[in-house]
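1. For reference, the sequence and a predicted model appear below.
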Amino acid sequence: MERALIILKPDAVQRGLVGPILTRLEQRGLKLQGLKLMQVDEALARRHYAEHEGKGFFASLVSYITSAPVVVAVVAGKPGTVEMIRTMVGATNPAKAAPGTIRGDFGVEVGRNLIHASDSPESGERETALFFQAEELIAEWSRVTDPWIYE
Ligand code: IDP
Ligand code: MG
């Protein structure tokens, strides 16, 4: 199994898009391992986005992600899942994201792009550990639909 950390950013929560966005991931057949509402503090935001420190948008990114509650989820599937989720999420700038993607269907601006998704299996593990304690996750559970999703 491979997993991604998903953050439904403050704009997604404020706009009432938690359900519609999670529905897309569920409908695809992906399996939840963790899910919670939380407020990200500045320290966590800076660690999560450490790769962007020093860039012009870093301060506004930290301010955006800490501005109101977010919903975080860990979503798992077979190898290739992280890349598949990134395809579902769409380009970083919603104005350039393809229709049918989450950002392409719900957003218009890069500073309000609704969702974070890990960009590699390694990021998925690193980010999951940043946002969830081990006891908050259920890594192995069976679903009656599993054989109807995976051959
Ligand atoms: P990603 O979320 O598609 O992986 P990254 O390049 O990792 O995109 O950037 C992280 C986040 O930083 C983006 O989702 C977006 O919220 C913000 N961001 C990236 N580039 C810009 C920019 O040019 N202006 C404003 N915000 C940006
Ligand atoms: Mg990224």
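-> Sure, I can see it. Numbering: from 1, shown residues only. Ligands and ions are numbered 1, 2, ... in the order given.
2. Flag every residue of the protein that's near ligand 1.
-> Residues of the chain lying close to ligand 1 by CB under 6 Å from any ligand atom are 52, 57, 61, 92, 110, 111, 113, 116, 119. Heads up, the C-betas are built off the backbone N, CA and C, glycines and all.
3. Roughly how far does the fourth one sit from residue 53?
-> So the one you mean is residue 92. Separation of residue 92 from residue 53 (CB to CB, to the nearest Å): 17 Å.
4. about what we covered before: out of the residues of the chain next to ligand 1, which is nearest to residue 130?
-> residue 116 (11.6 Å; CB to CB).
5. Three-state assignment for the closest residue to that closest one other than its chain neighbours, please.
-> Distances taken as CB to CB, 6 or more residues apart in numbering place residue 7 nearest to residue 116, at 3.9 Å, with adjacent residues excluded. Secondary structure state of residue 7, per DSSP: H, G, I helix; E, B strand; the rest coil, is strand.
6. Do I have it right that residue 7 meets residue 66?
-> No - Residue 7 lies out of contact with residue 66 (CB atoms under 8 Å); the separation is 11.6 Å.
7. list the residues that contact both of those two?
-> residue 40 (CB atoms under 8 Å, 6 or more residues apart in numbering).
8. hmm, back to that, of the residues of the chain next to ligand 1, buried ones?
-> 61, 110, 113, 116, 119 (16 or more other CB atoms under 10 Å).
9. and those, which of them are in helices?
-> Counting by DSSP state H, these place residue 61 in helices.
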